[in-house]
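> could you look at this predicted model? Sequence included:
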Amino acid sequence: MTFESNPDGGKLGRFKSVGTREKSRKLLTTANKGVEVPGILWTSHLTEAGRVDRFLNNSQYIIQVWTTGQDPLIAELLQKGYRLIFSNYDAWYLDCGFGAWVGEGNNWCSPYIGWQKVYDNSPHQMALNLTKSTYANLILGGEAALWTEQVDDHNLDAKLWPRGAALAERLWSNPATGWEEAEFRLIHHRQRLVKRGVPSERIQPQWCHQNEGLCYL
């Protein structure tokens, strides 16, 4: 790794073209029997504003966005032709809203993200808001993140479900409607999960399930 000055007056860690990043890409190609496949990199110092195309070829790399859904960087990446996977932490980090594991208070990305926000987080709408275009050809999809600092096999299912189902419907069908239209289905899907032995988080009192329609907006 070498360092070079950047316009902000600081130092930028830069991988040489024959450095670690390029070696990793070549190893990936070799493992795939000589056929090039794109690498996936999370947004980082390499992808900061005005910097990404100095280091990453948009035909060789896919960028996974973990910053907020309002980040102007999303517009820049799309306008420069980079393919994106969305994991914006303000809607698709499922480990947010729990007690801090270092120090006191809640963890860094609090508050807790309910299934409604997961459902309404549309990558195409985010692109449209930032660029006036959906960039459907460059948005490959999304991925929810549930990091393991406070998750293991004892509490994984409750933190993942049914929010994972809300994510699935958003990505598979990209509905034009919001979470209100999905609420009835998700309540019943949660019950199906429980019947199948998946300890899914309760999202409404049992009374609401027993008296359909009386708890919906």
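Here it is on my side, so go on.
> quick one, helices of the chain?
Applying DSSP state H to the chain gives helices spanning 20-31, 52-55, 72-79, 89-92, 115-120, 123-131, 156-160, 163-173, 179-195, 206-210.
> which ones are touching Lys26?
Applying CB atoms under 8 Å, 6 or more residues apart in numbering, we find Lys26 in contact with no residue. Just so you know, the C-beta spots here come from the backbone N, C-alpha and C atoms, and that holds for glycine as well.
> quick check, central residue of this protein?
Central residue of the chain (CA atoms, centre = their mean): Ser87, 1.1 Å from the mean position.
> got the contact list for it?
Neighbouring residues of Ser87 by CB under 8 Å, 6+ apart: 42, 64-66, 93, 142-145.
> now the helices of the chain in CSV, with distance to Leu46 and mean pLDDT?
As requested, the helices of the chain are exported to CSV (distance: least, CB to CB, whole Å; pLDDT from 0 to 100):
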stretch, distance to Leu46, mean pLDDT
helix 20-31, 8, 86
helix 52-55, 5, 92
helix 72-79, 12, 98
helix 89-92, 18, 98
helix 115-120, 28, 98
helix 123-131, 20, 97
helix 156-160, 30, 97
helix 163-173, 26, 97
helix 179-195, 35, 94
helix 206-210, 47, 86
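> any chance of those in a markdown table, plus distance to Asn106?
A markdown table is the format used below for those (distance: least, CB to CB, whole Å):
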| stretch | distance to Asn106 |
| --- | --- |
| helix 20-31 | 35 |
| helix 52-55 | 32 |
| helix 72-79 | 26 |
| helix 89-92 | 14 |
| helix 115-120 | 16 |
| helix 123-131 | 25 |
| helix 156-160 | 15 |
| helix 163-173 | 18 |
| helix 179-195 | 24 |
| helix 206-210 | 27 |
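> for Cys109, find the nearest of those.
helix 89-92 (5.2 Å; CB to CB).
> and the contacts of the closest one?
So helix 89-92 is contacted by 66-69, 86, 96, 109, 113, 117-118, 120-121, 142-145, 167 (CB under 8 Å, 6+ apart).
> 7 Å - rerun?
With CB atoms under 7 Å, 6 or more residues apart in numbering as the test, helix 89-92 has contacts from 66, 68-69, 86, 109, 113, 117-118, 121, 142, 144-145, 167.
> list only buried entries from those.
66, 69, 86, 109, 113, 117-118, 121, 142, 144-145, 167 (16 or more other CB atoms under 10 Å).
> in strands only, show me the residues you listed.
Among those, DSSP state E puts 86, 142 in strands.
> state the distance from the closest residue to Leu56 other than its chain neighbours to Val151.
Once flanking residues are discounted, Leu56 sits nearest to Leu46: 6.3 Å by CB to CB, 6 or more residues apart in numbering. From Leu46 across to Val151, the span is 28 Å (CB to CB, to the nearest Å).
> which of these two has more residues huddled nearby?
Counted by other CB atoms under 10 Å, Leu46 and Val151 do not tie: Leu46 has more neighbours, with 19 against 16.
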